[in-house]
Structures are given as structure tokens and as C-alpha cells.
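*Asks:* model the structure of this input:
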Amino acid sequence: LPIKALVNDKYAEFISKYDEYGLRIIRATGDHSDQIGDFMLGKYDIALLTYEKFSSLLLANPNVLHGMGLIVVDEAQMLSDKSRGQNLEFLLTLLKVMRSEGIEPQLVLLSAVIGDTNGLERWLNAGLLLSRERPVPLKEGIITGDGSYKYIDVDNGEQVEQRFITPYRDKNSDQDVIKPLVAKLVAEG
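*Replies:* This is a model prediction of the structure:
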């Protein structure tokens, strides 16, 4: 995963979902709470790591790949990110080098927004599975100062306006809309 916060979020989610089944979930992000010893010894069922930590651990001990059956790289679009892209490219290059040495865990790259792959699948000698379907329709719009939500209906292309929140009237600022919006979204889960 690209960032510590995402690793920590997925760690909490996976612990709550899979701990009761006896699956060993570990994480390594560069923090003091890392479970690097368990990772190096293969004492895990699911390991969650940042790109940087995974790369450094692979460089220190490439044999850790022998115990892996599957590596999932989330947020693959980060390859084009100026600040994090080189870390992911380095990691993928390491994995390619290991493949040439016969160490070949299955590799899955995920991205909801990658668009044109620019031949990434050829570089990785991989297949491409592309889906343009969304399990939840994306509605983009604006919430106006009066609390109306305006958006374009994805099915028919018509503009829709509906009452969404009742703004506060205490600060005469964006907070009058933001606070009731956050309260509504939190209340809805």
C-alpha cells in the first residue's frame, strides 16, 4: 500500500474481519509497532506493508519471497505520482528481477483510476483485466449555500436539484454548510 495510514486502516479492518478465523494479520510501515520479525520468518497469513518498507525488506532478504503466494499492490496509479511513483516502480522492478531468478509469487495490481496503462502489463509480462463498471454509481455535484445538492443524473443526463441539508446561520461562512453536511454524513454512516 502507498501510505502508512492506508496500511493501518486495512490492518484494523482485516483484524476485525479475519482474526476470529485464526488468520495472522501483520503490518510493517516503518513504525515501532511493526511486526517485521514475523514478516521475515513468514509467520503471517496476510502482511500489509508500505511500498517503501516492502522494498527495503526485500533488499535486505530476498528469500522472504519464497513464502509468498500472492502479492497485491493497491493503488497502482501511484506509479505516475511524482512523490511516490519511484518507490512503487522500484518495488515492481525488484519483483521483476526476482522472477528472472525463479521466484514468482502471483502479482496483482489494483487501481480504480489508472486509465491508460501505457503498456504496464507488457512490462510486467502480465494480463490485463479491465472493467469500467462501478458497483456504486458515482454522483458528482455541488452543495450550494442554501443546502441544495445539484448534480447531473448519470442515467438520463438531466440536472437534478434536491434539498440536502439545512445550513446553520451562525458564522456567515463555509462552516455554516460544512458542519451540517458532516453531521448528516456521519449520522448516515
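
*Asks:* residues of the host helix or strand of Thr93 that come out buried?
*Replies:* Using DSSP states H and E, Thr93 sits within helix 85-100. Applying a neighbour-count criterion of 16 or more other CB atoms under 10 Å, one finds 87-88, 91-92, 94-95, 98 buried in helix 85-100. In this view, the C-beta of every residue, glycine as well, is placed from N, C-alpha and C.

*Asks:* and the residues you listed as a markdown table, adding pLDDT and distance to Asp81?
*Replies:* Shown next, in a markdown table, are those (pLDDT from 0 to 100; distance: CB to CB, whole Å):
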| residue | pLDDT | distance to Asp81 |
| --- | --- | --- |
| Asn87 | 91 | 9 |
| Leu88 | 92 | 8 |
| Leu91 | 93 | 13 |
| Leu92 | 93 | 14 |
| Leu94 | 91 | 18 |
| Leu95 | 91 | 19 |
| Met98 | 89 | 24 |
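
*Asks:* same list (those residues) but as CSV, adding distance to His32.
*Replies:* Shown next, in CSV, are those (distance: CB to CB, whole Å):
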residue, distance to His32
Asn87, 21
Leu88, 25
Leu91, 23
Leu92, 28
Leu94, 25
Leu95, 27
Met98, 29
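
*Asks:* closest to Asp74 among these?
*Replies:* Each of those was checked against Asp74 using CB to CB; the closest is Leu88, at 10.3 Å.

*Asks:* tell me the spacing between that closest one and Glu52.
*Replies:* 9 Å (CB to CB, to the nearest Å).

*Asks:* go on, Gly22?
*Replies:* For Gly22, the distance to Glu52 - CB to CB - is 30 Å.

*Asks:* quick one, which of these two is more surrounded?
*Replies:* Glu52 (19 against 7; other CB atoms under 10 Å).

*Asks:* what's the distance between the closest residue to that one other than its chain neighbours and Val64?
*Replies:* Distances taken as CB to CB, 6 or more residues apart in numbering put Asn87 closest to Glu52, at 5.2 Å, once the chain neighbours are dropped. Distance from Asn87 to Val64, counting by CB to CB: 18 Å.

*Asks:* give me phi/psi at Thr166?
*Replies:* Main-chain dihedrals, Thr166, degrees, to the nearest 10: phi -110, psi 110.
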